[in-house]
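[1] Please work out how this folds:
(one chain, ligands or ions: 1)
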Amino acid sequence: MSEVLSSAEAFDERVHTRTAHVGIVGLGYAGLPLAMVFAEAGFAVTGVDLSEPRVQAVQERRSYLVDVPAERYETLNGRLNATTDYAAVRELDALTICVPTPLSKTRTPDISFIVSAAESVAQNLRPGQLVMLQSTTYPGTTEEIVLPILERSGGKVGEDFFLGYAPERVDPGNKRYSIRNTPKLVAGVTPECLRRTELLYRQVVENVIPVSSPMVAETAKLHENTFRAVNIALANELALMCDRLGISAWEVIDAASSKPFGFLPHYPGPGLGGDCIPVVPHFLAWRLREYGYSAQLIASAHEINASMPLHVVQRISDALNDAGKPIRGSRLLLLGMAYKADVHDTRESPSLEVLRQLEARGADVRYCDPWVPQLDLDGKRHSGVEWNTDEVRAADCVVVLTPHRQFLQTPLWDEADLIVDTRNVVPPGPGVRSI
Ligand SMILES: NC(=O)c1ccc[n+]([C@@H]2O[C@H](COP(=O)([O-])OP(=O)(O)OC[C@H]3O[C@@H](n4cnc5c(N)ncnc54)[C@H](O)[C@@H]3O)[C@@H](O)[C@H]2O)c1
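    Prediction:
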């Protein structure tokens, strides 16, 4: 078996003829869309996930992610399957590990999911297989953590098995950029590892960009997200400064954006959300501590971004105070619990912290989010209210946190007594405060 499968020609032929069997370990926000594009390109794809409900949903062709509607299964002719059983790995030619990489409370990377997935893959590793890591992680993970685990199976990388790193850049909900037209960075532990990784991704991504090592690709992914976190912090700091100056940060940013070079607009908001941008820069900072380097800009950006929910609470409190109302007992309507517009995802959403802080101050808080009908927070279940005139009129203050299209398409701003708008989507008026 090893001779046939491990020869470069045999691998290439299986890829070119779409007879290669591709696996995706971890069928979440990043893994399932990737499984889908490989299946759409004609490959037989097997998803491996420890979550029984997710595996069942794939098997029954049910949607559980906004980017993967049920209709997308219709063109696949059964090419996408899923299982909880790692024995399926033995049948694969290539597989990508796409499991979570959260941060602990002390902001240290938790790579236990990668370790566990790699160990399960190693137990089922077959000669000639290409294993790729796709999870976002700190520089060095592919070669220092995953490689030794796979080598325990007895094989040699670049000869008996192949290992690459190809970070995910997908922006959930983005209509313009999908997996296919977002350039893909790829790296390999050896030149043959890189060649195979590149070849496979070329079948599903228009522009594949090889880099010289997994560590370069790992760090590039972290740098992209750090760039966002730092620039958003800059915009948030501008909002804090403009608040004191009594001018609009958005007007300042729009004015600065008229410069046709050297400026890239970023906008303020209630804080950072999602499982990437607030989390990822800490992977870099954490790893660099080992080298005696303290990433000061990352630390400052984190401090500013993390302070924004409390700033929003202060703005709500000030606005109520001006109306002669205390925060305790005031009825507040929060718009948007997801971390960004038109997605279901509430991971790391700053809206959660705003809700938590307002409840701690004794406010009577309700939320409206057509994308998040229910919310479990700190052991308490919250149910969203409808976006309608009665709810808006009944609120002492309406707080715009996430500008979902439903709010913008049916604006009810004229019905509200007081609005705190963290996203600059409400037209100016006497009862409208910005952050
Ligand atoms: N969500 C995004 O938009 C996005 C974008 C870029 C990169 N990423 C990165 O992609 C990786 C995955 O993130 P996600 O958002 O898809 O996570 P997710 O939580 O949505 O999904 C991860 C899946 O992995 C499964 N899983 C966990 N441990 C497993 C194991 N040992 N074996 C098999 N399955 C296992 C879980 O059951 C879950 O279904 C992370 O490193 C993340 O940082 C995510």
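[2] residues contacting the residue in the chain that the ligand sits nearest to?
    As assessed by Cβ to the nearest ligand atom, the ligand sits closest to residue 28 within the chain, at 1.7 Å. The way it works is simple: take the backbone N, C-alpha and C, and place the C-beta from them, glycine included. Counting by Cβ atoms under 8 Å, 6 or more residues apart in numbering, residue 28 makes contact with 49, 54, 65, 98-100.
[3] That one and residue 277: what is the separation?
    17 Å (Cβ to Cβ, to the nearest Å).
[4] What of residue 176?
    For residue 176, the distance to residue 277 - Cβ to Cβ - is 19 Å.
[5] Between those two, tell me which one has more neighbours.
    A side-by-side neighbour count of residue 176 and residue 277, using other Cβ atoms under 10 Å, places residue 277 first with 20 against 7.
[6] which residues sit in contact with the more buried one?
    Contacts of residue 277 by Cβ under 8 Å, 6+ apart are 225, 228-229, 232.
[7] 6 Å - rerun?
    225, 228-229 (Cβ atoms under 6 Å, 6 or more residues apart in numbering).
[8] Secondary structure element holding it?
    Assigning secondary structure by DSSP states H and E places residue 277 outside every helix and strand.
[9] tell me which parts of the stretch 1-150 of the chain are close to the ligand?
    Counting by Cβ under 6 Å from any ligand atom, the positions of the stretch 1-150 of the chain adjacent to the ligand are 25-31, 48-51, 54, 98-101, 113, 116-117, 135-136.
[10] Mind checking which of those residues are buried?
    The neighbour-count test (16 or more other Cβ atoms under 10 Å) marks 25-31, 48-50, 54, 98-101, 113, 117, 135-136 as buried among these.
[11] In helices, which of the residues you listed fall?
    Applying DSSP state H to these, the entries found in helices are 31, 54, 113, 117.
[12] where does the protein dip in pLDDT?
    1-6 (pLDDT under 70).
[13] Longest helix in it, by number of residues?
    helix 214-245.
[14] tell me which strands and helices that one is in contact with?
    The elements that helix 214-245 packs onto, with contact taken as 3 or more Cβ pairs under 6 Å, 6 or more residues apart in numbering; DSSP states H and E, are strand 184-188, helix 249-256, helix 280-289, helix 296-322.
[15] pretty sure residue 131 is in a strand, no?
    Yes - according to DSSP: H, G, I helix; E, B strand; the rest coil, residue 131 belongs to a strand.
[16] For it, give me its contacts.
    Contacts of residue 131 by Cβ under 6 Å, 6+ apart are 95, 163.
[17] Next, give phi and psi for residue 46.
    Backbone torsions of residue 46, given as degrees, to the nearest 10, read phi -120, psi 120.
[18] For it, list each beta-bridge partner.
    residue 23, residue 81 (DSSP bridges).
[19] any idea how this structure splits into domains?
    In terms of domains, the chain is parsed into 2-212, 256-434 (source: automatic domain parsing).
[20] For those domains, could you give me CSV that also reports distance to residue 240?
    What follows is those, written out as CSV (distance: least, Cβ to Cβ, whole Å):
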stretch, distance to residue 240
domain 2-212, 23
domain 256-434, 7
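[21] nearest to residue 219, of those?
    domain 2-212 (4.7 Å; Cβ to Cβ).
[22] how distant is that closest one from the center of its chain?
    17 Å (Cα atoms, centre = their mean, to the nearest Å).
[23] Likewise for stretch 236-248?
    28 Å.
[24] Now do the buried residues in it.
    Under 16+ other Cβ under 10 Å, the buried positions of stretch 236-248 are 236-239, 242-243, 248.
[25] Tabulate these (TSV), appending distance to residue 383.
    As requested, the buried residues of stretch 236-248 are exported to TSV (distance: Cβ to Cβ, whole Å):
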residue	distance to residue 383
236	30
237	36
238	36
239	31
242	36
243	33
248	35
